[in-house]
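**Q** structural data only, the sequence is not supplied:
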């Protein structure tokens, strides 16, 4: 990966910094944040530096004793329980953007295998991940879904797999390192 287009900085904005060019260079590399590290970038590129005024705003808006919403799927029992859980998910999604799910019934070994699969995809060579770097695919590897809209980029890479009830993904659409190796256990993956 060519890292020459990235303006490395550890303190403040560079005088000749061109955010639009740096964003494009980062996005065009299709290598994500890990690709920068693998390429030898040693300082935080300017596109990841949060402006001081935004940091101050975040600091002032932080609340003490925050607790991530917990959604208990064990509470589903009849229409009343289902409606309550759906409402909790709606509220957590609107107010937090994420939540923790408990009593979902997914075996621990399946969760561990999923985490192993995600680690394996992130640790693959950038050339293997590049075909997945496409913001329009149902299965995609991306860095910063809001890359061009946010004031600073997040240091995160994500594998996203959009599957709706009506969707049918072919087995070849899922990255090989994330597929179930033991086809006899396919029922373990159904929720």
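**A** Nice, I can see it. These numbers come from a predicted model, not from an experiment.

**Q** after the worst-scoring helix or strand of the chain on mean pLDDT comes which helix or strand?
**A** Each helix and strand of the chain was given a mean pLDDT (mean pLDDT, DSSP states H and E); the minimum falls on helix 52-61 at a mean of 70. Per DSSP states H and E, the first helix or strand lying C-terminal to helix 52-61 is strand 70-72.

**Q** tell me how far the longest helix along the chain lies from the chain's centre.
**A** Longest helix in the chain, counting residues (DSSP state H): helix 78-95. Distance, stretch centre to chain centre, for helix 78-95: 23 Å (Cα atoms, centre = their mean, to the nearest Å).

**Q** and the next helix or strand past that helix?
**A** Counting by DSSP H and E, the next helix or strand C-terminal to helix 78-95 is strand 100-102.

**Q** average pLDDT across the next helix or strand after that next one?
**A** Sequence order places helix 108-122 as the next helix or strand after strand 100-102, per DSSP H and E. Averaging pLDDT along helix 108-122 gives 85.

**Q** burial count for residue 90?
**A** Neighbours of residue 90 under the rule other Cβ atoms under 10 Å: 10. Using the backbone N, CA and C atoms, a C-beta is placed for each residue, glycine as well.

**Q** check the residue in the chain sticking out farthest from the centre and give its pLDDT.
**A** The outermost residue of the chain, judged against the average C-alpha position, is residue 78 (33.3 Å), by Cα atoms, centre = their mean. At residue 78, the model reports a pLDDT of 75.

**Q** now do the same contact list for it.
**A** Applying Cβ atoms under 8 Å, 6 or more residues apart in numbering to residue 78 gives no contacts.

**Q** how close does it sit to residue 89?
**A** 17 Å (Cβ to Cβ, to the nearest Å).

**Q** lovely, talk soon.
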